[in-house]
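A.B. asks: how does the following fold in three dimensions:
(chains A, B, C and D)
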There are 2 protein chains.
Amino acid sequence: MSTPTVYDVAQRSGVSIATVSRVYRNPDSVRDQTRDRVLEAARELGYVPSGSARGLASRSTGVLGLCFPDYADPDAEADGADAEDDDSAVMLYSDQIIRGMERAARRHGYALLIAASLDGGPQSLVEQVAGRVDGFAVLARTVPTEDLEVISRRLPVVMLAGPREIDHLDHIEVANADGERELTRHLIEDHGLRRLAFIGGEEDSPDAEARFGGFREACRAAGLAVPDRPAVRVTMMTQAEGAAAAEALLDREGEHPQAMLFANDQMAVGALHALERRGVRVPEDIAVAGFDGIPLGRIVRPALTTVRQPMRRLGEEAVDLLVQRLRDRDREPVSLMLPVSVARRASCGCTPPAGA
Amino acid sequence: MSTPTVYDVAQRSGVSIATVSRVYRNPDSVRDQTRDRVLEAARELGYVPSGSARGLASRSTGVLGLCFPDYADPDAEADGADAEDDDSAVMLYSDQIIRGMERAARRHGYALLIAASLDGGPQSLVEQVAGRVDGFAVLARTVPTEDLEVISRRLPVVMLAGPREIDHLDHIEVANADGERELTRHLIEDHGLRRLAFIGGEEDSPDAEARFGGFREACRAAGLAVPDRPAVRVTMMTQAEGAAAAEALLDREGEHPQAMLFANDQMAVGALHALERRGVRVPEDIAVAGFDGIPLGRIVRPALTTVRQPMRRLGEEAVDLLVQRLRDRDREPVSLMLPVSVARRASCGCTPPAGA
DNA sequence: ATGAAAGCGCTAACAC
DNA sequence: GTGTTAGCGCTTTCAT
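C.D. replies: Just a heads-up that it's a prediction; the model follows:
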């Protein structure tokens, strides 16, 4: 009584299993009458082709994968709850990348398998995904480089949004330095600010470092002092840490900075809250800027000036790269850099554009 | 030179394939020394276990699935582009359900396979997903009922956010009628409005109908005239249709309604735009309300009063139901109804709560 | 147009 | 603790 197989369908419709298989894979190669008999039998039996068996026999799954870090920001969740809204406002990178990949994958006839990295050994993550897909994308720092090294020998892997850790892999990154440089330039030239503080992440966070690099370039170009390192470094880049960083800067001796540039939006949002609690007005007393362009940044007041990353497009490009490599395993590794754009909103002193 | 298998690893490390298998499935059942040898050989060879083969042999994939409709609202996209923001503000149900399911699935050790219904025959959708997962969730009206009937004989299926089309399946819905009733009551009692117009979808849209039902209940309870059918019916429930519906109501003879209640947020947002173009002030001249609680509703001005659905929780509950049924195939079918809540914002005349 | 047979790479008893 | 041996359900030549 268990799950029917090709054999059951074949027997019931009086054909061979090969014919049953053909009906599903290449319907036109079977006579109409035969096909109808098979389909009818399948229906009666409740037959559904086994993806595993297919995959095994055909050596391809029709599925692409995505591994991403578990970027859940606990603060963001709490915040959402406080503010009476559910988590609808909290959409992270990964969600947008998923959207982009899902769409693109579908266009190419693939389904998408997603898995966030669990703390319990990366082994499991990699196994879950790598073994069941024809190729997959990995968000930076999700899977240990050495594992990728091994896996990428067996199937196409494209690395997303980080430095190119393995040079024979396809790779897509966003213009972190360009974006932060332009944002900083805007603050300096258009708003006339000169005392800027950059709040960064750990030194081994390539994105945060690249952004800091852009910040420095802009300072240098403007003839300002070029700091060797961020005014503050945090580890998780969460809202809580952003708030703490803002307070720490406020408590430092000497003049306050005129602007705080955070390595990501989450921190900037946290800082906005902290500054409000301390009675510091934004942008009148101090300008605040983030990086990423998460939806939450548009909802907070003042709306957050930031650098928008084209995350969804990142997902789409990832799929395209994967599909192309699946077609030609020997082509040269590709490395793309996607452009970003500065979103000038209220937190830097720019008037927000007319309400939608 | 092709993809290494257990045999290759076994040979290279001088053990049997069974031991190789054990190393991956149950490491503790193998002596340390042996395990290290195997792992080393695997590493050298670039071995990755085949999910297909595993699935075939063990009759389970460790993957749960989600089928959802391709709800892309073309207007929403265009709108986003116009407004200079990328699509970050446009997060649909499905995205939130995906989030919820991914999280919950991961907690239970599953990965998530997602696929939006393609126009090209549902057959493909169903095959793609159904054959490769241990169970899956289906958003209402994504897969033909008859297909579900067949498939659900083979693996657990939970139906989401719609009526219970198949009564032996697990099923989760949201309290559409309750929510709309409460929203309507609020408009009538708290704002003193009496001429209300409900803009619905097609009659075969269960959600829209349930909401209309709640609207009617509230009218009845308040002693107002109870309409037989929505003031306007549209087909796709997009922004464009919402705008058109609003204009149509404005152009009708007789008194204008004091409030327009739309069957979903997309339409309400479209209406907001249309009303602004016509110089009709919201909420002074007319109140507007939606249903769903999409992020976009918080961004538009005035912010949209609506009924928030717990979409993410829907995803989580779906996974729980799936996991439970996987454990006990014979348990009674479960049907849950998740509560909703009214979000009182500016478009109905309520002052929005203090900015976050 | 259809059938027969040989795997695909792994897991799961069951022996040892 | 480790090896042997059957399959798991399907695709795919190669015949017919």
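A.B. asks: list the buried ones in stretch A:138-146?
C.D. replies: Buried residues in stretch A:138-146, counted by 16 or more other C-beta atoms under 10 Å in any protein chain shown: A:138, A:139, A:140, A:141, A:142, A:143. C-betas here are computed from N, CA, C, even on glycine.
A.B. asks: ok, residue A:60 touching residue A:134?
C.D. replies: Yes - using C-beta atoms under 8 Å, residue A:60 is in contact with residue A:134, at 5.4 Å.
A.B. asks: what sits closest to residue A:344 if chain neighbours are left out?
C.D. replies: Among residues not flanking residue A:344 along the chain, residue A:350 sits closest, at 4.0 Å (C-beta to C-beta, 6 or more residues apart in numbering or on different chains).
A.B. asks: do residue A:45 as well
C.D. replies: With C-beta to C-beta, 6+ apart, the residue lying closest to residue A:45 is residue A:4, at 4.1 Å.
A.B. asks: quick revisit: so the residue nearest to residue A:344, which of the three states?
C.D. replies: Here residue A:350 is recorded as coil under DSSP: H, G, I helix; E, B strand; the rest coil.
A.B. asks: now do the strands in the stretch 1-150 of chain A.
C.D. replies: A:63-68, A:111-116, A:135-139 (DSSP state E, counting those that start in this stretch).
A.B. asks: got those as a markdown table, with mean pLDDT and distance to chain B columns?
C.D. replies: A markdown table is the format used below for the strands of the stretch 1-150 of chain A (pLDDT from 0 to 100; distance: least, C-beta to the nearest C-beta, whole Å):
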| stretch | mean pLDDT | distance to chain B |
| --- | --- | --- |
| strand A:63-68 | 95 | 7 |
| strand A:111-116 | 93 | 4 |
| strand A:135-139 | 95 | 11 |
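A.B. asks: so how far is residue A:52 from residue A:225?
C.D. replies: To residue A:52, residue A:225 is 61 Å away according to C-beta to C-beta, to the nearest Å.
A.B. asks: higher neighbour count, those two?
C.D. replies: Applying other C-beta atoms under 10 Å in any protein chain shown to residue A:225 and residue A:52 shows that residue A:52 carries more neighbours, namely 24 against 9.
A.B. asks: roughly how far apart are the closest residue to that one other than its chain neighbours and DNA strand C?
C.D. replies: Leaving aside its chain neighbours, residue A:52 sits nearest to residue B:55 (3.1 Å; criterion: C-beta to C-beta, 6+ apart). Noted for residue B:55: a distance of 8 Å to DNA strand C, by C-beta to the nearest atom of the strand, to the nearest Å.
A.B. asks: surely the residue nearest to residue A:45 and residue A:50 touch.
C.D. replies: No - taking contacts as C-beta under 8 Å, residue A:4 lies outside contact range of residue A:50: 10.2 Å.
A.B. asks: okay, these two: which has more neighbours?
C.D. replies: Ranked by neighbour count (other C-beta under 10 Å), residue A:4 and residue A:50 place residue A:50 first, with 22 against 19.
A.B. asks: show me the contacts for residue A:178.
C.D. replies: Under the criterion of C-beta atoms under 8 Å, 6 or more residues apart in numbering or on different chains, the contact list for residue A:178 reads A:214, A:339, A:340.
A.B. asks: for residue A:202, same thing?
C.D. replies: Residue A:202 touches A:208, A:233, A:234, A:235, counting by C-beta under 8 Å, 6+ apart.
A.B. asks: ok, back up a step: the residue nearest to residue A:344 reaches residue A:343, doesn't it?
C.D. replies: No - Residue A:350 lies out of contact with residue A:343 (C-beta under 8 Å); the separation is 9.3 Å.
A.B. asks: who has more neighbours, these two?
C.D. replies: residue A:343 (25 against 19).
A.B. asks: now residue A:56: how far from residue A:6?
C.D. replies: The gap separating residue A:56 from residue A:6 is 13 Å, by C-beta to C-beta.
A.B. asks: for stretch A:281-294, how far is the first residue from the last?
C.D. replies: Its first and final residues considered, stretch A:281-294 spans 22 Å by C-alpha to C-alpha, to the nearest Å.
A.B. asks: what about the strands in the stretch 151-300 of chain A?
C.D. replies: For the stretch 151-300 of chain A, the strands defined by DSSP E, counting those that start in this stretch occupy A:157-160, A:170-174, A:196-200, A:232-233, A:259-262, A:287-289.
A.B. asks: contacts for the last one, please.
C.D. replies: With contacts defined as C-beta under 8 Å, 6+ apart, strand A:287-289 is touched by A:183, A:187, A:191, A:193, A:258-262, A:268, A:271-272, A:275, A:282, A:304-306, A:347-349.
A.B. asks: of those, select the buried ones using a PyMOL command.
C.D. replies: The PyMOL selection below is limited to those of the contacts of strand A:287-289 classed as buried (16+ other C-beta under 10 Å):
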select buried, chain A and resi 183+187+191+193+258+259+260+261+262+268+271+272+275+282+304+305+306+347+348+349
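A.B. asks: so who does the residue of the stretch 101-250 of chain A found nearest DNA strand D touch?
C.D. replies: DNA strand D sits closest to residue A:134 of the stretch 101-250 of chain A, with a gap of 13.2 Å, by C-beta to the nearest atom of the strand. By C-beta under 8 Å, 6+ apart, the residues touching residue A:134 are A:60, A:61, A:62, A:63, A:64, A:110, A:155, A:156, A:322, A:326.
A.B. asks: fine by me, thanks again.
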